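Asks: Quick check, what structure comes out for this input:
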Amino acid sequence: MRRITAVLLFLAGTASIALPFISATALTLSIGVIAAVAGVTQLLRIGQAEGGKGKIFRALSGIFYLVAGLWVVAYPVESEISLTLFVGLLLIFEGVMELAAAAASQAEARGLVLADGLVTALLGGLLVAEWPTDSLWAVGTLFGISLFFSGVRLLSAD
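Replies: Here you go, the predicted structure:
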């Protein structure tokens, strides 16, 4: 199962690097659809909230998610600029967590986990440092590199 996951990560990373604008737009649209669905779900669950304030907060939350999701779907290119900053911060966080995992591990693949953490944190840092200038291509490229490297790590660690 790990090899299948690694190959899928490798293929997704390669496609993302080869087609960065398309992959960034697809990622942005996916996030928008997920947010819109979450908003609808919150609105459908208003009746389950306790008390009037709970219902108001659930309704406001649902409306916020729904409107934000629809805005992202309607304006995916503009949304990529915000997504670029978010993905950069996410990659920094993921890289730091990988570094912490490497520090706590005694496994053979510890060096690969350390390298994965360093590369991921570095890519996130580059994304944040160049934001918003490179927003339209960088998120797809850097996210693809991170996916590619994670796939290589999984294939290399037996």
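Asks: For the rest of this, base every contact and every neighbour count on C-alpha atoms.
Replies: Will do.
Asks: Show me what the longest helix seen in the chain is packed against.
Replies: Secondary structure of the chain per DSSP state H: the longest helix is helix 76-104. Contacts defined by 3 or more C-alpha pairs under 8 Å, 6 or more residues apart in numbering; DSSP states H and E place helix 76-104 against helix 20-44, helix 110-129, helix 135-156.
Asks: Quick one: closest of those helices to residue 81.
Replies: Taking C-alpha to C-alpha, helix 135-156 is the member of the helices and strands packed on helix 76-104 nearest to residue 81, at 5.1 Å.
Asks: got the contact list for that closest one?
Replies: Identification of contacts with helix 135-156 by C-alpha atoms under 8 Å, 6 or more residues apart in numbering yields 2-3, 5-24, 77, 80-81, 83-84, 87-88, 112-113, 116, 119-120, 123-124, 127.
Asks: now stretch 39-53
Replies: So stretch 39-53 is contacted by 55, 58, 59, 61, 62, 63, 64, 65, 66, 67, 69 (C-alpha under 8 Å, 6+ apart).
Asks: what distance separates that stretch from the centre of its chain?
Replies: 27 Å (C-alpha atoms, centre = their mean, to the nearest Å).
Asks: cool, and stretch 63-80?
Replies: Centre to centre, stretch against its chain (C-alpha atoms, centre = their mean), the figure for stretch 63-80 is 16 Å.
Asks: Among the contacts of stretch 39-53, which ones are in helices?
Replies: 55, 58, 59, 61, 62, 63, 64, 65, 66, 67, 69.
Asks: Please consider this matter closed, and thank you.
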